[in-house]
Every structure is written in C-alpha cells, then in structure tokens.
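Undergrad: Predicted model follows, preceded by the sequence.
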Amino acid sequence: MDRSSDDRELLITVQGQKVIRAETPDQRTVFGEVTLPLLHRQLVEIFETWLGLDCIRREKETKAFGSLLFGILFGGEVYSLFDELRQKAGKGNRLRVELSFQGEAFDLAGFPWEFAYVPDTETRAGYFLSTDASLVLSRYIPLNQARQDSLQPSTGPLRILAVVSSPPGLDPVISDPVVKTIKDLAKEYPVEVKVLAAPTVDALTGQLDTFRPHVLHYLGHSRFNESQMQGEIALLADNKKEPRWVPDRLFAEFFRQLEAKPRLVILHSCEGGANEIQARFAGLAPQLVRIDIQAVVAMQYPITNRAAIMFSNAFYRRVASGAPVDDAVQAGRAELVRYPDYGYSNRVFGTPMLWMRSQTGLVLPKEKP
C-alpha cells in the first residue's frame, strides 16, 4: 500500500476462495476467512436477482441482504480492526475501505458490496458501508503500473467531456441538468467542458484523441447481450438514426489506444434498457481500470434520471470543493438516501460503485484560483 500513514485506510484483500488479508498503510495486518456456505451463496444469488429486477421495496430486505454481505468478509480480527479504525475516524477524516479480490476470489468482486450493512447491536445502530459519514467505500485492483498521486492535470484547465448518447428508438436521456452541473464548475474553477451529443464511434474516438479529456462522463444506455455473453454500450450509428451497440471490451479498447488517457471515467446507464437484470457497467469498470484509468465511477444497475441528477449534483459539488473522488461518491450515495422515494427501501443508494487506483483521488484544488 502506498498512501501515507497519516491517512486512515483499510485494504481488505480476498486471496483465493478463503483467505482475507486486512492491512493499513503502516503495515498493521490481520487475517480472516471468507464465510460463504452454500446456503448463503444461494441467498446472495436470490437477492442479486431481486435487485436486477428492481423488486426490492422494503428497507428490512436491503438490511437483511447487506448483513449477509458484511458477514462474508468482516469476521473476527478483520472486523475488530475495521471497527477500531472507524471509531478513530473523525469528521473530515473518514476511514477509506478498499475491497480487492485476487485469483480464484475474483468472482466475488461481482457481488454488489455497496449494499453491505453492519448489523445493529445493543449499543450501536447499524449502518451501510456505502453511505456512512465516517467511511468511504471503493474497490481496488492491484496492477503493475504505479498509482497516480492525483487525478489533477499537471498543467492547464481540467478538461471534461460529457458524452450524451440518446439514439432514436431508446428511452430519452434527460441530460441537461447533469451537463449544467458540470458546466457550472467552469464559473469558479479552471475547467473546460465539451459536450458530445451525437456520439458515433468516430466522433467519440476523435474527441478522445483531440480534446484529450481528463474526465469523461457518459450518460446513456447499456445492456447485456445474452447470445454473445457480453455487456454492450449504446452509441449512435453512423446514419444517426439508430443505436450502435458497442461491446464493452471494444469500448475499453478505445481508451487503451490513447496517448493520454482520461484520469476519471463516469458511467451511468438510464432505466428502460433491454434486459435490465444484466444492464449494468459492473463488467466494464474493471476493464477500464486494467488499462490504467485511475478512477471509474459506474452504475451497477440502471438509474432513474432524477437519481442520476441528484447523484451528479452532490458528486460534482464535493469534487469542486476539493474532496477526493471516493469521498464525493460516498456523498452522492448519501444524497440519494435523503430523497423520500429512495431511502434504503430499494436499490438506488447502492447503485453507484467506485473503482479507484489514484492515491489521493483529487480532481480539483481545494482552493479557488
């Protein structure tokens, strides 16, 4: 681990199918075991199906599922270290919890860990890891490349490319409020924003080559192609009259070829896509990380336009204030919980997931220019 010991951080690595290693930047390490008997795995699969179908409607259901997820990783000494570090974390000094899955355990990375819930005790109310004010939750993939110190550009303004993909034949993408939020950053910070509203493959790759965005924010549709067993991203066909479904591996390849890759990619899929149970970016996000995108914020389930706007507003407000990306994602999830139609009674709050390799996750400076 390569953050300074001043930062409170806990990396939880699942090695193989059983061993869990939890470590801090100052080399404090404890070990545990994965707790996942066959019955629990079957229950996880059932809950995942319900989440994919968006049929969870009661808070006690998300808490039951979350408690099950939490118990898989956080037992014994792992929990003791986690609880100790969380209690030490004060306001403005959150505990960063990073989850990493290696080797045979990589299939566990597909579990929606953003719903993990620390159960109630006699002396403490329970809480979700993904929204608790004293935590930030992300996923981490160790690679051969070094982790970047910051997501900020070394010189010049921060360049943000907003890609709005709303091809004919698919549900409309209400992007204006999100795009406005992004553009408003330029009023107070050194930010240059460009909007690509007709993203054919050539137009997208052309903008990636010439504009060289530091941040790419995609708003559009995704689906899972069962015949090809792959995720697909909706861009615009060359005739601009229909969607072009791009395999997620090819989408990632667009970035691999770049001389200057974006530091941060944000992906959100709108509701209404075909085969919604599998229509998510959970598979694309780690592919982008493996080609050295330092941070990826992805929606693991389709999200309503209202929820996308709420999350983006909270996320970019935090980023503009100088907060790290992981802190901003946590704040965005918490914002969704405050809306009466969402709360913890459905999948919305746990939909945003974060994969991050940057050490600090800072996009904009703390002080205004």
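TA: Everything's here; your move.
Undergrad: Return the per-residue confidence for residue 87.
TA: pLDDT for residue 87: 87.
Undergrad: doesn't it fall inside a helix?
TA: Yes - going by DSSP: H, G, I helix; E, B strand; the rest coil, the assignment for residue 87 places it inside a helix.
Undergrad: That one and residue 21, how far apart?
TA: Computed with CB to CB, to the nearest Å, the distance linking residue 87 and residue 21 is 21 Å. (C-beta placed from N, C-alpha, C; glycine too.)
Undergrad: Tell me which of the two has more neighbours.
TA: Neighbours per residue, other CB atoms under 10 Å: of residue 87 and residue 21, the larger number sits with residue 21, 16 against 11.
Undergrad: Leaving out sequence neighbours, find the closest residue to that one.
TA: Nearest non-adjacent residue to residue 21, counting by CB to CB, 6 or more residues apart in numbering: residue 13, 4.7 Å away.
Undergrad: what about the one you found, which SS state?
TA: Under three-state DSSP, the three-state class of residue 13 is strand.
Undergrad: And the strand or helix carrying residue 192, what's buried?
TA: With elements delineated by DSSP states H and E, residue 192 resides in strand 191-196, which encompasses its position. Residues 191, 193, 196 are the ones in strand 191-196 that count as buried (16 or more other CB atoms under 10 Å).
Undergrad: Sheet partners, orientation included, of it?
TA: Strand partners for strand 191-196, identified by DSSP bridges, are recorded as strand 158-164 (parallel).
Undergrad: can I get the CA coordinates of the partner strand in CSV?
TA: The C-alpha trace of strand 158-164 is given here as CSV (Å, rounded to 0.1, in the frame of the first residue of the first chain):
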residue,chain,number,x,y,z
LEU,A,158,-9.3,20.3,-16.2
ARG,A,159,-10.9,19.1,-19.4
ILE,A,160,-14.3,17.3,-19.0
LEU,A,161,-16.0,15.5,-21.9
ALA,A,162,-19.7,14.9,-21.4
VAL,A,163,-21.0,12.2,-23.8
VAL,A,164,-24.8,12.1,-24.1
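Undergrad: Provide the contact partners of that strand at residue level.
TA: Strand 158-164 is contacted from outside by 152-153, 173, 175, 178-179, 182, 185, 189-197, 199, 204, 207-208, 211-220, 262, 363-364, using CB atoms under 8 Å, 6 or more residues apart in numbering.
Undergrad: filter these to the buried ones?
TA: Of all those considered here, the ones buried according to neighbour count by 16+ other CB under 10 Å are 152-153, 173, 175, 178-179, 182, 185, 189, 191, 193, 196, 199, 204, 207-208, 213-220, 262, 363-364.
Undergrad: And the pLDDT at residue 148?
TA: In this model, residue 148 carries a pLDDT of 56.
Undergrad: Which stretches in the stretch 201-350 of the chain count as helices?
TA: With DSSP state H, counting those that start in this stretch applied, the stretch 201-350 of the chain shows helices at 201-210, 248-256, 284-290, 305-320, 325-338, listed in chain order.
Undergrad: In CSV, list those helices along with mean pLDDT.
TA: Shown next, in CSV, are these (pLDDT from 0 to 100):
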stretch, mean pLDDT
helix 201-210, 96
helix 248-256, 92
helix 284-290, 88
helix 305-320, 86
helix 325-338, 93
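Undergrad: which one of the ones you listed lies closest to residue 34?
TA: Comparison of the helices of the stretch 201-350 of the chain against residue 34 by CB to CB identifies helix 284-290 as nearest, at 19.6 Å.
Undergrad: Who are the packing partners of the closest one?
TA: For helix 284-290, the helices and strands in contact under the criterion 3 or more CB pairs under 8 Å, 6 or more residues apart in numbering; DSSP states H and E are helix 248-256, strand 264-269, strand 295-299, strand 352-356.
Undergrad: Out of these, flag the one nearest residue 107.
TA: strand 352-356 (16.2 Å).
Undergrad: for the closest one, the distance to its chain's centre please.
TA: Relative to its chain's centre, strand 352-356 lies at 2 Å (CA atoms, centre = their mean, to the nearest Å).
Undergrad: quick check: angle from that strand to helix 305-320?
TA: Here strand 352-356 points in a direction 40 degrees away from that of helix 305-320 (axes from the mean of the first three to the mean of the last three CA atoms, to 10 degrees).
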